[in-house]
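J.: Curious how this folds, go ahead:
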Amino acid sequence: MARCAAVRAKVPRRLRALGIIAALLPTVLGAGSASASPARHSKATTTLVLYNGQHEQTTGLLVSGFEKQYPHIKVRVRTDDENTFDAQIIAEGRRSPADVFYTENSPALEYLQQRGLLAKLDASTLARTPAEYSSPQGDWVGVSARVSVLLYDPRLIKKSQLPAHVLALADRKYRGKLAIAPAETDFQPIITAVAKAYGVKAALHWLEGVRANAGSHIYPDDEAVTDEVNRGVVSFGVVNQYYWYRLRAQVGPFHTDSKITYFAPRDPGYVVDISGAAVLKSSKHNAAAQKLVAYLVSREGQGVIANSGYGRGQSTSFEYPIASGVTTKAPEKPFKELRPYPMTMAELGTGAEAVSLLKQAELL
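T.: Below is the predicted model:
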């Protein structure tokens, strides 16, 4: 040991100093890298799960715009019928992976709201949409709107021969001329309006007449009704207006033989449907989920709804933006000129009464 100490003593002091510096360099450099690393790394990414009951094209455009605005938040979209998601969310309970629910119609949101499964939305988000188009409790916000119309083929029936009032859909003179999609959630608000205006028994009797008149022209969805009327298979049907505008944009005006018109102002068949969004109370990412819903009703999000077109290689909305003061650019009747049946979101409710009537009339 003494010999080793003597050998170390003979090493010049300058060399020993250099050796100490060399030994310390990795530690010093490592410390410098560690202190610099947070500046090089971006904000941690949050992934949201969106249960989407809306049309995939519209939602895809909205999600793309949101992710550009919030690059640290990614959205995984799952698309299905909104009634399917209602049942799934209830079954999943607190274990639901969903953070946000975006629907085509408000009853699906009202259904979950009544079960206490929706979180309160930020007041600033709710303020962007007129109060009459959102949840009175503040659990969901209205995003866009559509309106029910009569779609008809003028080669088969004149506009003057169409029913001006919804009850006339059950008139025997329309036997075999009417097309409906009773399973569509778009059709249910009309039934709710009829029941509100004339009573439940009258609504059931009316539905039975509608079923008889539709006969073999009962279709699974509004797209099918729109296509069949446009091809001249059936004289007329009841759909939401945007289905016809989408068809015309897809096939072109020269291949659009059908037209649309409206029921009489304030008639129960003349109904505005509201698409909405909510944050689930079970969400593990409430702050990010609130941002997504806020984006849907922001000027940017509403601009996506207002400005998107539908043509070859494009996507569409043809819905009415209803938030942040944005108006549609589509060639359709302005939203402020519509004269629908007056019905609040609370009166529209969960749609349970409409579904019950449809089952009793053997349309579901």
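
J.: Pro321 reaches Arg299, doesn't it?
T.: No: Pro321 is not in contact with Arg299 according to CB atoms under 8 Å; the separation is 9.5 Å. For glycine as for every other residue, the C-beta is placed from the backbone atoms N, C-alpha and C.

J.: between those two, which one's more packed in?
T.: Pro321 (25 against 14; other CB atoms under 10 Å).

J.: ok, that one to Gly53 distance?
T.: Here the criterion is CB to CB, to the nearest Å. By it, Pro321 lies 18 Å from Gly53.

J.: give me the low-pLDDT residue ranges for the stretch 201-350 of the chain?
T.: Scanning the stretch 201-350 of the chain with the threshold set as pLDDT under 70 gives 308-316.

J.: tally of neighbours for the closest residue to Val251 other than its chain neighbours?
T.: Once flanking residues are discounted, Val251 sits nearest to Asn230: 7.9 Å by CB to CB, 6 or more residues apart in numbering. By other CB under 10 Å, the residues close to Asn230 number 22.

J.: And the helices in this protein?
T.: Remark: helices assigned in the chain by DSSP state H are 2-10, 13-40, 56-69, 82-92, 107-114, 123-126, 188-198, 200-214, 222-230, 241-251, 286-296, 299-307, 345-348, 352-360.

J.: what about the third one, average pLDDT?
T.: The predicted model gives helix 56-69 an average pLDDT of 94.

J.: and it, how far out from the chain's middle?
T.: In terms of CA atoms, centre = their mean, to the nearest Å, the gap separating the centre of helix 56-69 from the centre of its chain is 11 Å.

J.: Check Asp31 and give its pLDDT.
T.: In this structure residue 31 is Ala, not Asp. 40.

J.: Residue ranges of each domain in the chain, please.
T.: Using automatic domain parsing, the domain parsing of the chain gives 46-144+273-332, 146-271+350-360.

J.: Look up how far Ala306 lies from Leu358.
T.: In this view, Leu358 and Ala306 are 33 Å apart by CB to CB.

J.: re the thing from before, mind giving me a markdown table with the helices of the chain and columns for distance to Leu162?
T.: Shown next, in a markdown table, are the helices of the chain (distance: least, CB to CB, whole Å):
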| stretch | distance to Leu162 |
| --- | --- |
| helix 2-10 | 107 |
| helix 13-40 | 67 |
| helix 56-69 | 29 |
| helix 82-92 | 30 |
| helix 107-114 | 27 |
| helix 123-126 | 39 |
| helix 188-198 | 16 |
| helix 200-214 | 13 |
| helix 222-230 | 12 |
| helix 241-251 | 14 |
| helix 286-296 | 35 |
| helix 299-307 | 29 |
| helix 345-348 | 25 |
| helix 352-360 | 23 |
